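Peer 1: Fold the following for me, if possible:
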Amino acid sequence: MTEVTQLRPGIWQISLPFQGEHDIIGAYLLADGGEIALIDPGPGSTSEALLDGIRQAGFDPARVTHLLATHIHLDHTGGIGTLLHTMPEARVLVHSKGASHLINPDKLITSSARIYGERMQELWGSIDPVPEHNVQIINDGDVLTIAQRRLEVHYTPGHASHHIIFFDVHSGDLFAGDVAGVRLQGVDYVRPPTPPPDLDIEAWSASIDTLKRLRPDVLYLAHFGPTSTPIPHLEHLREKLYSWGDFVLHAMRDGLSEGAIIDRLIEHVQPELKRVSSEERTLKRYEIATNYAMTVQGYMRYWRKRHPERLQP
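Peer 2: Modelled structure (predicted):
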């Protein structure tokens, strides 16, 4: 059964069951003034669970008015085309750099299939095109009035070149997508999700500065849930973003293969994670949220593309 939690007046979190686990992928529902908005509604594989969650929160999915995308990675927005069969009038708000890939997802599907292979359907379900007439392109500096909220749009690249966040300056609520990292509930550990092909450490650090300047009261993470200590959280993320990058760089300089670097990073990180969690299951849950293989692949591509000069021994 889908887990739904009302976090504050007008905000619900819908935990989308993924790979047999809850509290890994979360969508946020905002409702007020006759409008219903979903932020990062998730992959096609969890669309039915999302619809169930909307009903549990007391709303009719057919009355959803807005679908907001922080970015177009499949775990965040892969199910939007499918959801529009149920909510055909919903506006899909997405950054200009991501819009074309929702309208025609062929390239996104092809590149993802290279990574996930036969697991594509199992992980992500159907990836249907989003009709162009449903799409509203948004960019840095736009201000949206949705569900009685004034949501500022801020461009926050680093994790993805098409990443944005939504900030309600009046309430202090900041819907962060993946730019604020991965931190599962009940575990004091922030992990940088660094998949290829867009990782840019410098841009991500600048985006962290953007979030800090906004001085949010609460960060709402897609993976997973709210955190009410934004500044320490963001600095923890920045430290890991750089230290893991240096770790992979040194391993590449040592001539290690991709597989060997993945193994070395696991050996480096697992003891840290075990120290902050007494549950062995936590290791599995973080791996589902952002796995080591894609973490290493993202860093390796970053060093080769952005700083090939630093690969010299």
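
Peer 1: And the helices in the chain?
Peer 2: 47-56, 74-77, 80-83, 96-103, 106-116, 120-124, 201-214, 230-253, 258-276, 281-289, 292-306 (DSSP state H).

Peer 1: Mean neighbour count, distance to His22 and mean pLDDT added to the ones you listed, as a markdown table?
Peer 2: C-beta coordinates here come from the backbone N, C-alpha and C atoms, glycine included. A markdown table is the format used below for the helices of the chain (neighbours: other Cβ atoms under 10 Å; distance: least, Cβ to Cβ, whole Å; pLDDT from 0 to 100):
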| stretch | mean neighbour count | distance to His22 | mean pLDDT |
| --- | --- | --- | --- |
| helix 47-56 | 21 | 10 | 98 |
| helix 74-77 | 24 | 15 | 97 |
| helix 80-83 | 24 | 20 | 98 |
| helix 96-103 | 19 | 27 | 97 |
| helix 106-116 | 13 | 22 | 90 |
| helix 120-124 | 15 | 16 | 94 |
| helix 201-214 | 17 | 26 | 98 |
| helix 230-253 | 17 | 22 | 98 |
| helix 258-276 | 14 | 19 | 95 |
| helix 281-289 | 17 | 9 | 94 |
| helix 292-306 | 19 | 22 | 97 |
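
Peer 1: Can you report how many residues neighbour Gly117?
Peer 2: 8 (other Cβ atoms under 10 Å).

Peer 1: Throw the helices of the chain into JSON lines and include distance to Ile164, thanks.
Peer 2: Written out in JSON lines, the entries for those read as follows (distance: least, Cβ to Cβ, whole Å):
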{"stretch": "helix 47-56", "distance to Ile164": "21"}
{"stretch": "helix 74-77", "distance to Ile164": "12"}
{"stretch": "helix 80-83", "distance to Ile164": "15"}
{"stretch": "helix 96-103", "distance to Ile164": "9"}
{"stretch": "helix 106-116", "distance to Ile164": "17"}
{"stretch": "helix 120-124", "distance to Ile164": "22"}
{"stretch": "helix 201-214", "distance to Ile164": "10"}
{"stretch": "helix 230-253", "distance to Ile164": "17"}
{"stretch": "helix 258-276", "distance to Ile164": "29"}
{"stretch": "helix 281-289", "distance to Ile164": "21"}
{"stretch": "helix 292-306", "distance to Ile164": "19"}
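
Peer 1: Ok, which of these comes nearest Asn139?
Peer 2: Of all these, the one in closest proximity to Asn139, counting by Cβ to Cβ, is helix 96-103 (5.5 Å).

Peer 1: quick one: contacts of the closest one?
Peer 2: Identification of contacts with helix 96-103 by Cβ atoms under 8 Å, 6 or more residues apart in numbering yields 69, 71-72, 77, 80-81, 92, 94, 107-108, 129-132, 135, 137-139, 160-162.

Peer 1: Throw together a PyMOL command that grabs the buried residues out of these.
Peer 2: To isolate the buried members of the contacts of helix 96-103 in PyMOL, using 16 or more other Cβ atoms under 10 Å:
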select buried, resi 69+71+72+77+80+81+92+94+108+130+135+138+160+161+162
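
Peer 1: ok so, going back, of all the helices of the chain, which lies closest to Pro313?
Peer 2: Evaluated with Cβ to Cβ, the helices of the chain place helix 230-253 nearest to Pro313, the distance being 5.4 Å.
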